[in-house]
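Chemist: Got a predicted structure plus its sequence, pasted below:
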Amino acid sequence: MGSRKTQRGVGRRAVLIGGGTALVGAGVVAQDELRRLWWRLPGMEKKRVEGALDHAGAVWTAASRANWRRADRPDDYTIDRVVIHVVQGSYRTALRVFKDPGHGAAAHYVVGKDGRVAQMIRELDVAFHAGNRGVNERSIGIEHEGFVDRPEDFTAAMYASSARLTAGICARYGIPVDREHIIGHVEVPGTDHTDPGPHWDWDRYLPMVRQALAARPSPGTTRAGAVSGNGRPVATPGTATHSVAESTE
C-alpha cells in the first residue's frame with residue numbers, strides 16, 4: 001500500500017480525471033440534444049398543415065396533444081421500427097381513448113377489421129405507444145381492432161390494409177421488412193403487454209408487407225413533414241394484459 005501522500009495525490013488526480021470525463025460526457029449529451037432540437041429555432045421547423053396525412057388511404061382524426069410529443073423525425077430521431085399493437089377493443093374504442101388526454105398514450109394509426117385506417121398522429125412526431133421512450137422515438141405504432149385471444153378478429157381486410165400501411169412506412173424510411181424491425185408490442189423491452197398475441201400470423205403478414213412494398217411505384221423518399229399544396233404528403237413512386245397502447249415518453 002502506498003503512502004498517505006501518494007494516496008492523496010492519486011485520489012486527487014482520479015477526481016480530476018473523473019470530473020473531466022463527466023464533463024466530456026455531459027458535453028456529448030448536450031451536443032446530441034442540440035442536434036435533435038435545432039429545428040425548434042425560429043424558421044427551422046417544417047411547415048405543417050392540419051389534417052395532413054402520411055398514408056394516402058387513411059382518414060385523419062387527431063389524438064389528444066397529451067398523448068404524443070412534437071418532433072421532427074427522421075431529422076432528429078431515426079425511424080427504424082414498426083410496432084404492431086392490438087387494441088383489446090373496437091376501432092371506435094381506440095379512437096375514443098386516444099383522444100382522451102387522461103389516457104396518456106396513443107398510436108400513430110388504427111386499423112379496423114374492415115380495413116379502414118385512421119391516422120391520429122403524424123409520423124414525424126413521437127407517439128406514446130410502446131411503453132419505452134427509446135422505442136417510441138424510433139418507431140411508428142399501428143393499433144389493430146380486436147382482441148388477442150380472438151383470431152377471427154384478424155380479418156383478411158385488416159391484414160391487407162395493415163400490410164399496405166407498413167409497406168409505405170418501410171419505403172419512406174428504408175426499414176427492412178423483417179422481424180427485427182417489424183415487431184409486436186410484446187417484444188418491446190420493459191413492457192408487460194402481450195399483444196399482438198399468439199394468433200397474429202407473422203408468417204402471413206410479412207410476405208404481404210413485402211408484396212405490397214414490391215407493388216409500390218418507383219423508389220423515392222419523402223420526409224414525413226413534406227406536404228403538397230392540398231395538405232397531403234408529397235406522393236412517392238389466452239388472456240392479455242394489454243390496454244390500448246402504452247405511454248413512457
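Modeler: Nice, thanks for sending it over.
Chemist: Give me the residue ranges of this structure where confidence is low.
Modeler: By pLDDT under 70, the low-scoring segments of the chain are 1-45, 218-249.
Chemist: Repeat the analysis, applying 80 as the threshold.
Modeler: 1-47, 50, 218-249 (pLDDT under 80).
Chemist: can you give me the helices for it?
Modeler: 4-37, 91-98, 133-138, 156-173, 202-214 (DSSP state H).
Chemist: Contact partners for E145?
Modeler: Neighbouring residues of E145 by CB atoms under 8 Å, 6 or more residues apart in numbering: V87, G89, S90, Y91, A94, V110, V111, G112, K113, D153, M158. (Each C-beta comes from the backbone N, C-alpha and C, glycine too.)
Chemist: swap that for W60, please
Modeler: G51, A52, L53, A118, Q119, M120.
Chemist: So which of those wins on neighbours?
Modeler: In terms of neighbours by other CB atoms under 10 Å, the contacts of W60 top out with M120 at 25 neighbours.
Chemist: That residue contacts V97, doesn't it?
Modeler: No - M120 is not in contact with V97 according to CB atoms under 8 Å; the separation is 10.6 Å.
Chemist: Overlap in contacts, these two.
Modeler: Joint contacts of M120 and V97 (CB under 8 Å, 6+ apart) are A106.
Chemist: The closest residue to M158 other than its chain neighbours and K99: what is the separation?
Modeler: Nearest residue to M158, sequence neighbours excluded (CB to CB, 6 or more residues apart in numbering): K113, at 5.3 Å. Distance, K113 to K99, by CB to CB, to the nearest Å: 20 Å.
Chemist: Could you do E50 as well?
Modeler: Distance, E50 to K99, by CB to CB: 15 Å.
Chemist: next one: D72
Modeler: Taking CB to CB, one finds D72 at 24 Å from K99.
Chemist: And these two? Which one has more around it.
Modeler: Per other CB under 10 Å, whichever of D72 and K99 has more neighbours is D72, with 20 against 16.
Chemist: quick one, what contacts L95?
Modeler: With contact taken as CB under 8 Å, 6+ apart, L95 is in contact with T61, V110, A118, M120.
Chemist: 6 Å instead, please
Modeler: Taking CB atoms under 6 Å, 6 or more residues apart in numbering, we find L95 in contact with T61.
Chemist: Check S161 too.
Modeler: Per CB under 6 Å, 6+ apart, neighbours of S161: V111, G115, V117.
Chemist: 8 Å instead?
Modeler: Contacts of S161 by CB under 8 Å, 6+ apart are G57, V111, G115, R116, V117.
Chemist: Quick check: the third one touching A157?
Modeler: Yes - proximity of G115 to A157 meets the contact threshold set by CB under 8 Å, at 3.6 Å.
Chemist: What is the neighbour count of V186?
Modeler: Residues contacting V186 under the criterion other CB under 10 Å number 22.
Chemist: With adjacent residues omitted, what lies nearest to R65?
Modeler: P101 (7.3 Å).
Chemist: The one you found and A52: what is the separation?
Modeler: 22 Å.
Chemist: got it, and I142?
Modeler: 18 Å.
Chemist: same check, this time on R179
Modeler: Distance of R179 to A52, computed by CB to CB: 31 Å.
Chemist: One more: E180?
Modeler: For E180, the distance to A52 equals 30 Å [CB to CB].
Chemist: For the spatially closest residue to Q119 that is not a sequence neighbour, give the beta-bridge partners.
Modeler: Leaving out its chain neighbours, the residue that sits closest to Q119 by CB to CB, 6+ apart is A58, at 4.0 Å. Following DSSP bridges, A58 is listed with bridge partners V117.
Chemist: Next, the contact list for A58, please.
Modeler: Y109, V117, A118, Q119, L165.
Chemist: Contact partners for I175?
Modeler: I175 sits next to I79, D80, R81, V82, I169, H181, I182 when contact means CB under 8 Å, 6+ apart.
Chemist: need those in JSON lines with distance to V135 and neighbour count, can you?
Modeler: JSON lines is the format used below for the contacts of I175 (distance: CB to CB, whole Å; neighbours: other CB atoms under 10 Å):
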{"residue": "I79", "distance to V135": "11", "neighbour count": "20"}
{"residue": "D80", "distance to V135": "10", "neighbour count": "16"}
{"residue": "R81", "distance to V135": "7", "neighbour count": "23"}
{"residue": "V82", "distance to V135": "11", "neighbour count": "24"}
{"residue": "I169", "distance to V135": "15", "neighbour count": "25"}
{"residue": "H181", "distance to V135": "12", "neighbour count": "14"}
{"residue": "I182", "distance to V135": "13", "neighbour count": "24"}
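Chemist: Perfect, I'm done here.
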